[in-house]
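Engineer: Turn this into a structure:
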Amino acid sequence: MGEALSKMIDVERTSWSKPHELEINQTYAAQQCELIDRFFEVGDMLQLCSKLYPMEYPGAGDDKYQHWFITNSEGSWVLEFGEFGRGPTDLIAGVHSNPRGEYTIEDTFALTTAVLERMKRVVGATNYSVALRNCEHMSRYIQSGCWVSFQMTGKGFFRKMYYKDMAAYTKMINKLPLELKEEGEEVKLLYQENESSGRIIFQVMPKTVLTLEDDNSYNILFLGPTGSGKSTLINLLCNRTVNKAAASVHSVTRELQYIQGKHRKVMEDGTSSVRRTNIIDTIGFCDSVFTPKQVLEVIKSSVKVNLCHVDKVVIVCSGRIETHHVQAVRQFMKWLQYKNHRNQFIFIYNKADHCDSEEQKVENVAGMLELLGAKQVTRTVTDDLEEGQENEVKAGISTGFPKKASYEEIAEDYNKLWRATTYDDKKYDRIKVSKESCSIL
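Structural biologist: Got it, this is the predicted structure:
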């Protein structure tokens, strides 16, 4: 068994050392796109499917892995990473009409124009990798836009096989291949008033991964259900449109975003210093694509290989906080050791501009804290940017930032957001999230 596994790992190492690309065979892809246009139509229903296969090496025993693919509702057309006459070690992504026999339908979803476009972007892919570019990655990308394989997270089957041998390549796990990354929109300044305030000294530098050097930065982790407005709050902190934000039933953030820059970090006594800052925007949970447990696994896996420590956790909710929201948030609070780090957690009830009164905002914040099992903590701090004026900083706050609002209209809530996320005690224990990234780089 050891020799067979060693050969499999050697094959994988070859693929890890190559650029993280699909390596599309353009001629084959063009043929496949014609088949897609011929046999798939917007409005059809598709199926996300999996099938268990035994590991084929001596001594594998009962070990089985999941092969993933997409079918139409009848199961007569299949899109998958397959051999297609090319040989067992030379896979390519394509469409065929050979039914798969018995399999498990994991989900049913509509063929939208976006799904159709994603199908056409992956066919012809030749750079297969079990750990980085496998059939589950591709199938879930078609379904959701997220490049994720749960067999490579947590206690997933492939993760247990390959992770300890991946060394520096672990940061590529569940990251979009280069061809699938969308070009970002032009970064725009939000409020000139903030730019001249002295608070923000932020040259935005989006990053796909972080290194050990980044662990010494001030690391702010944003968490919250889909549609709560995390990306909007991050844009406000940066005073720039660094993240795509939209009201949607699905998470706009398809993989963890690491935004690096510099902030003026303020201590409780009013002293301040300019410090490199990493803001981490996470996948929204509680949408209809991934379960809260799956999102937790994706976020944990990415954070663990990128950071040893987090300095501030910002949990964002809005609207009606449902039971599944509460359960999901509490999972994250437990993972990040809320009971030991209360002063480093901020709870924001966002989109409060829709509330009828200040009393309702206060009630919503109190209700949010009660549901999540959190406590309201109030501190009085000295503001170095307001001539030593003392201000209250609360762990639980409400914010509202209407579109196209002037700075004067949002200034009060902006100041609450700023103080809550950037003011700190003189001494605190950083939240330890991983030993993995510390030892890898």
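
Engineer: quick one, what contacts residue 361?
Structural biologist: Contact analysis of residue 361 by C-beta atoms under 8 Å, 6 or more residues apart in numbering lists 349, 352, 355, 398. Heads up, the C-betas are built off the backbone N, CA and C, glycines and all.

Engineer: Take those and keep only those in helices.
Structural biologist: Among these, none falls in helices (DSSP state H).

Engineer: ok now do residue 133, which residues does it touch?
Structural biologist: When contacts are counted by C-beta under 8 Å, 6+ apart, residue 133 touches 15, 20, 22, 125, 127, 177.

Engineer: does it have beta-bridge partners, and which?
Structural biologist: Counting by DSSP bridges, residue 133 is bridged to residue 129.

Engineer: Which of the contacts of residue 361 sits closest to residue 431?
Structural biologist: Nearest to residue 431 among those is residue 349, at 22.3 Å by C-beta to C-beta.

Engineer: Quick check: beta-bridge partners of the closest one?
Structural biologist: Legend: beta-bridge partners of residue 349 under DSSP bridges are residue 317, residue 398.

Engineer: neighbour-wise, which of the contacts of residue 361 leads?
Structural biologist: For these, the largest neighbour count, defined by other C-beta atoms under 10 Å, is 27 neighbours, found at residue 349.

Engineer: Span of stretch 96-107 from start to end?
Structural biologist: The first and last residues of stretch 96-107 sit 20 Å apart, counting by C-alpha to C-alpha, to the nearest Å.

Engineer: Least confident of the contacts of residue 361?
Structural biologist: Lowest pLDDT of these: residue 355, 90.

Engineer: For that one, give its distance to residue 110.
Structural biologist: 34 Å (C-beta to C-beta, to the nearest Å).

Engineer: Flag the shaky bits of the stretch 101-250 of the chain, pLDDT-wise.
Structural biologist: Where the stretch 101-250 of the chain drops to pLDDT under 70, the residues are 183-185, 196-208, 244-250.

Engineer: can you do 80?
Structural biologist: Scanning the stretch 101-250 of the chain for pLDDT under 80 picks out 168, 182-187, 194-215, 243-250.

Engineer: Can you show me the strands along it?
Structural biologist: In the stretch 101-250 of the chain, the segments counted as strands under DSSP state E, counting those that start in this stretch are 104-110, 205-207, 218-223.

Engineer: Residue 74: which of these is closest?
Structural biologist: Among the strands of the stretch 101-250 of the chain, strand 104-110 comes nearest to residue 74, with 12.0 Å by C-beta to C-beta.

Engineer: Mind picking the one among the contacts of residue 133 that's closest to residue 140?
Structural biologist: Closest to residue 140, out of all of these and judged by C-beta to C-beta, is residue 177, at 13.3 Å.

Engineer: Now residue 50: which helix or strand?
Structural biologist: Here residue 50 is covered by strand 45-54, with elements defined by DSSP states H and E.

Engineer: same check, this time on residue 360
Structural biologist: helix 358-372.

Engineer: quick one on the thing from earlier: using a markdown table, please lay out the contacts of residue 361 together with distance to residue 331.
Structural biologist: Output for the contacts of residue 361, formatted as a markdown table (distance: C-beta to C-beta, whole Å):
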| residue | distance to residue 331 |
| --- | --- |
| 349 | 20 |
| 352 | 25 |
| 355 | 28 |
| 398 | 24 |
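
Engineer: Among those, which pair sits farthest apart?
Structural biologist: 349 and 355 (8.9 Å).

Engineer: Now for those two: what residues contact both?
Structural biologist: Counting by C-beta under 8 Å, 6+ apart, the residues touching both residue 349 and residue 355 are 361, 364, 398.
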